[in-house]
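> Below are the sequence and a predicted model for it; my questions follow.
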Amino acid sequence: METEKINKTLVKNIIWTFVYALFTLLIVLHHEIWADEAQVWMIAKNVSFLGLFKHLVNEGHPSFFYLAMMPFAKMGFSAFFMQIVCWASMCCAVFLLLQFSPFNGFAKFAVITSAGFLYFFPVIARSYSIIPLLVFALAVLYPKAKEKPFLYAILLVILANTHVIMFAFCALLAVFFFLDNVLKNSENELQQADCVKNKISFAIMCAGLLAVILQLGGTTSSNAFIKFDFINLIANAVKVFSEFFINGFDEQYADTAQIMLSDIGTVLILLSVILYIFLFVCLLKRNKKMFLLAFLAVGFQIAVYIVGYNHWIFVTRIFCAHLIMLFCFWIVLGYKKPETESKGFFGTKTLNTAVACFFLITILNGLKFAVLDLFNPYSGAKETAEFIEKNIDKNNSIIVTDNDPYAIALVYYLDGKYDIYSARTQKVLRYIIWDKNLYHVLDGSKWAVYADYMREYNDDFKGKKIYAVVSDFNLYKLNVKNINGYKLLFKSKPAVKKYEGFRVLEYSR
C-alpha cells in the first residue's frame with residue numbers, strides 16, 4: 001500500500017514537472033538573446049581556457065558556468081544550447097522540489113509559479129539558472145552529508161564557483177559540515193575510514209571556496225562598475241532594499257526609474273516585506289542554526305549589492321536570496337518534530353502558508369514577462385542584425401558602436417558575418433571588457449567628429465561607408481537624441497528589455 005502511494009506521488013510529480021517544462025519551453029523557444037546572455041556565450045566562444053581565468057577578474061563571476069559552456073561554444077553551437085541547459089536545470093530543480101521537499105502542495109505551487117521559477121530562471125539563460133538545482137540538491141543531501149560527503153562537497157564547490165553571491169551560503173554550509181561531521185564526530189562516533197572521508201570532503205570544500213577568492217581577487221580594481229563605495233552607503237542601502245522588494249513584485253517599475261505603484265501594488269509590496277521579516281522570525285524560533293545561515297548568507301548578498309554593486313538588482317538575484325530561505329525551511333520542515341511543534345503560531349501549517357503567500361505575490365511579475373516575451377522581441381538585436389545583413393555591404397562598410405554592453409547581443413546575432421567596431425576600445429568587439437573605457441560615450445555632436453578623425457587616421461575606415469549602431473540606452477538614459485551628420489536608416493521595434501533596442505544610422509558627409 002505504501003509503495004503504491006509512493007508510486008502515485010512520483011507519477012503525479014513527473015506530470016506536473018512535464019507541465020512546467022512544456023510551459024517554460026514554449027517561452028524559451030520565443031526568447032531572443034539579450035546582452036548579458038550574449039556576453040557569457042561570446043566569452044566562452046572567443047576566450048581560451050587560460051585566458052578565461054585572466055578575464056574572470058574583470059567579469060566578477062567565477063568560472064563554472066563559462067567552463068561548462070566553453071566546449072560547445074567553440075564547437076560552433078549557438079547560444080540555444082545554453083538556453084536549453086538552463087531550462088533543463090530548472091525542470092530538474094522543480095522535480096526535486098515536488099518530489100523531495102517537505103513543503104505542502106500550496107507552498108510548492110506558489111514557489112513553482114513565482115516570477116523566478118515561472119520565467120526569470122528558466123528563460124533568461126545565465127548562471128543563475130542552475131543555482132536552484134544545486135541548492136535543492138544540497139537540501140536533499142544535507143541530512144545525508146555524513147553518508148555521501150564527496151557528492152555533497154562537489155555540489156557545494158560547483159555552487160560556490162557558479163556565482164559569487166552564493167559564496168557565504170556555501171562557506172557556512174562548509175563550516176556546518178566541519179562542526180557536525182569532522183570536529184564533533186571524528187573521535188568517537190565514526191570509524192577511521194569515515195573520518196578520513198569527511199576530512200577529505202571538507203578539504204575539497206575549502207579548496208573550492210579558495211578558488212573563488214583566487215579567481216575574483218582584484219575585481220574591484222579591474223571592473224569599473226564593481227567597486228567599494230562606503231561614501232553612499234545609506235543611499236545605496238535604500239536603493240537596494242527598495243529594488244529587492246519592488247523588482248520582485250514587478251521589475252518594470254524600477255526599469256522606468258519611476259516608482260508609480262498602484263494602491264494594490266503598494267499593499268502587496270508592504271505585505272511581502274512583512275512576510276519576509278516573519279519568515280526570519282519563524283526561522284529564529286524553530287531552528288537557530290538555519291536562522292544564522294539565512295541571516296548571514298542573505299545578508300552577504302545584500303552587502304555585496306550595497307557596498308560593491310548596486311546598479312541593478314535583477315529578479316534572478318533577488319530569487320537567489322529566496323532560494324537560501326527555501327533551503328533553510330526545507331531543512332527545518334524536513335526534520336521530524338514532536339506533534340506540538342507542527343501547530344501553533346510558528347507551526348508547520350503557518351510556515352507553509354507564509355512561504356506560499358510570499359511567493360504568490362510575485363506570480364503576476366513572471367506571467368507578465370512570459371506573455372510579453374511570447375509576443376514581442378525581448379531584445380532588438382536579432383531584428384537589427386537581420387537589417388544589417390540585408391542592407392549593408394559588408395566589403396565597403398564599417399559599423400561602429402559606442403556602447404559595447406548593449407551591442408554585444410548584436411555581435412552574437414551577426415555571428416561573425418559582420419564586425420562591430422568599438423569606438424571605446426578602438427577594436428572589433430568580441431566580448432565586453434568592463435573597464436573605464438565604457439564610460440566614454442559619444443554624444444550627438446561627437447559622432448561626426450569621430451567619423452572624420454577615423455577616416456583620416458585609421459586605414460580601416462578610409463574609402464568606406466560608416467554606420468553607427470546606437471542603443472536605446474543612449475537615447476533614453478543618456479539623452480543622445482540627435483546624431484549630427486548621420487541619417488537614420490533603421491529603428492528596431494520596442495523590446496521587452498528596456499534600452500535593448502537599436503538604431504542604425506549612416507554617416508552622410
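Thanks, I have the structure now. Numbers count the residues shown, from 1 in each chain.

> for Leu151, helix, strand, or coil?
Following DSSP: H, G, I helix; E, B strand; the rest coil, the label given to Leu151 is helix.

> Would you check how far apart the residue nearest to it when sequence neighbours are not counted and Leu173 are?
Nearest residue to Leu151 in three dimensions, chain neighbours excluded: Leu141, at 6.5 Å (Cβ to Cβ, 6 or more residues apart in numbering). Every C-beta, even on glycine, is put in place using the N, C-alpha and C of the backbone. For Leu141, the distance to Leu173 equals 10 Å [Cβ to Cβ, to the nearest Å].

> which residues does Cys92 contact?
Cys92 makes contacts with Leu133, as judged by Cβ atoms under 8 Å, 6 or more residues apart in numbering.

> hmm, 10 Å instead?
Going by Cβ atoms under 10 Å, 6 or more residues apart in numbering, Cys92 touches 17, 21, 130, 132-133, 136-137.

> so of the residues you listed, which ones are in helices?
Judged by DSSP state H, the contacts of Cys92 include 17, 21, 132-133, 136-137 as members of helices.

> how about those residues, which pair is most distant?
Largest separation among those by Cβ to Cβ: Ala21 and Ala137, giving 17.9 Å.

> can I get the ones in helices among the contacts of Cys92 in a markdown table with pLDDT and neighbour count?
Converted to a markdown table, those look like this (pLDDT from 0 to 100; neighbours: other Cβ atoms under 10 Å):
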| residue | pLDDT | neighbour count |
| --- | --- | --- |
| Thr17 | 98 | 20 |
| Ala21 | 98 | 19 |
| Pro132 | 98 | 26 |
| Leu133 | 98 | 24 |
| Phe136 | 98 | 23 |
| Ala137 | 98 | 20 |
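
> what would these look like in a markdown table with distance to Ser379?
Converted to a markdown table, the ones in helices among the contacts of Cys92 look like this (distance: Cβ to Cβ, whole Å):
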| residue | distance to Ser379 |
| --- | --- |
| Thr17 | 29 |
| Ala21 | 24 |
| Pro132 | 24 |
| Leu133 | 26 |
| Phe136 | 30 |
| Ala137 | 32 |
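
> Out of those, which is nearest to Ile124?
Of all the ones in helices among the contacts of Cys92, Ile124 sits closest to Pro132, with 12.9 Å by Cβ to Cβ.

> re earlier: from the ones in helices among the contacts of Cys92, which is closest to Asn352?
Phe136 (17.0 Å).

> State the helix or strand in which the nearest residue to the closest one once chain neighbours are set aside lies.
Of all residues not flanking Phe136 in the chain, Leu96 sits nearest, at 4.2 Å (Cβ to Cβ, 6+ apart). Using DSSP states H and E, Leu96 maps to helix 80-100.

> what do you get for Phe490?
Counting by DSSP H and E, the element that carries Phe490 is strand 486-491.

> Show me what that strand is packed against.
With contacts taken as 3 or more Cβ pairs under 10 Å, 6 or more residues apart in numbering; DSSP states H and E, strand 486-491 sits against helix 381-391, helix 446-457, strand 465-471, strand 502-507.

> ok, Leu275 touching Ile361?
Yes. If you go by Cβ atoms under 10 Å, Leu275 and Ile361 touch, sitting 7.8 Å apart.

> low-confidence ranges in this protein?
Low-confidence segments of the chain (pLDDT under 70): 1-2, 185-190, 253-261, 336-344.

> and with 80 instead?
Across the chain, the ranges flagged by pLDDT under 80 are 1-6, 184-194, 251-263, 311-312, 335-346, 509.

> Spatially central residue for it, please.
Nearest to the mean C-alpha position of the chain, by Cα atoms, centre = their mean, lies Tyr128 at 3.8 Å.

> which SS class is that residue?
Following three-state DSSP, Tyr128 is assigned to helix.

> Could you work out the end-to-end span of stretch 44-55 for me?
11 Å (Cα to Cα, to the nearest Å).

> I'd like the distance from it to the chain centre, please.
Remark: stretch 44-55 is offset 20 Å from the chain centroid, using Cα atoms, centre = their mean, to the nearest Å.

> do the same with stretch 191-210
Per Cα atoms, centre = their mean, the displacement of stretch 191-210 from the mean C-alpha position of its chain is 30 Å.

> Which parts of that stretch count as buried, going by neighbours?
194-195, 197-198, 201-202, 204-205, 208-209 (16 or more other Cβ atoms under 10 Å).

> swap in stretch 268-285?
Quick answer for stretch 268-285 (16+ other Cβ under 10 Å): 268-269, 272, 275-276, 278-280, 282-283.

> Please tell me how far the closest residue to Ala237 other than its chain neighbours sits from Ile231.
Computed as Cβ to Cβ, 6+ apart, the closest residue to Ala237 that is not its neighbour in sequence is Ile306, at 5.0 Å. Distance of Ile306 to Ile231, given as Cβ to Cβ: 12 Å.

> These two: which has the busier surroundings?
Between Ile306 and Ile231, counting by other Cβ atoms under 10 Å, Ile306 is the more crowded of the two (21 against 8).

> give me every residue that touches that one.
Residues in contact with Ile306 (Cβ under 10 Å, 6+ apart) are 229-230, 232-241.

> Neighbour count for the residues you listed - can I get that in CSV?
Formatted as CSV, these follow (neighbours: other Cβ atoms under 10 Å):
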residue, neighbour count
Asp229, 15
Phe230, 8
Asn232, 13
Leu233, 11
Ile234, 9
Ala235, 12
Asn236, 18
Ala237, 16
Val238, 12
Lys239, 18
Val240, 19
Phe241, 15
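
> Is it possible to get TSV of those that adds distance to Ile27 and secondary structure?
Below are those laid out as TSV (distance: Cβ to Cβ, whole Å; DSSP: H, G, I helix; E, B strand; the rest coil):
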residue	distance to Ile27	secondary structure
Asp229	36	coil
Phe230	41	coil
Asn232	37	coil
Leu233	38	helix
Ile234	39	helix
Ala235	36	helix
Asn236	33	helix
Ala237	34	helix
Val238	33	helix
Lys239	30	helix
Val240	28	helix
Phe241	30	helix
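
> Nothing else from me, thank you.
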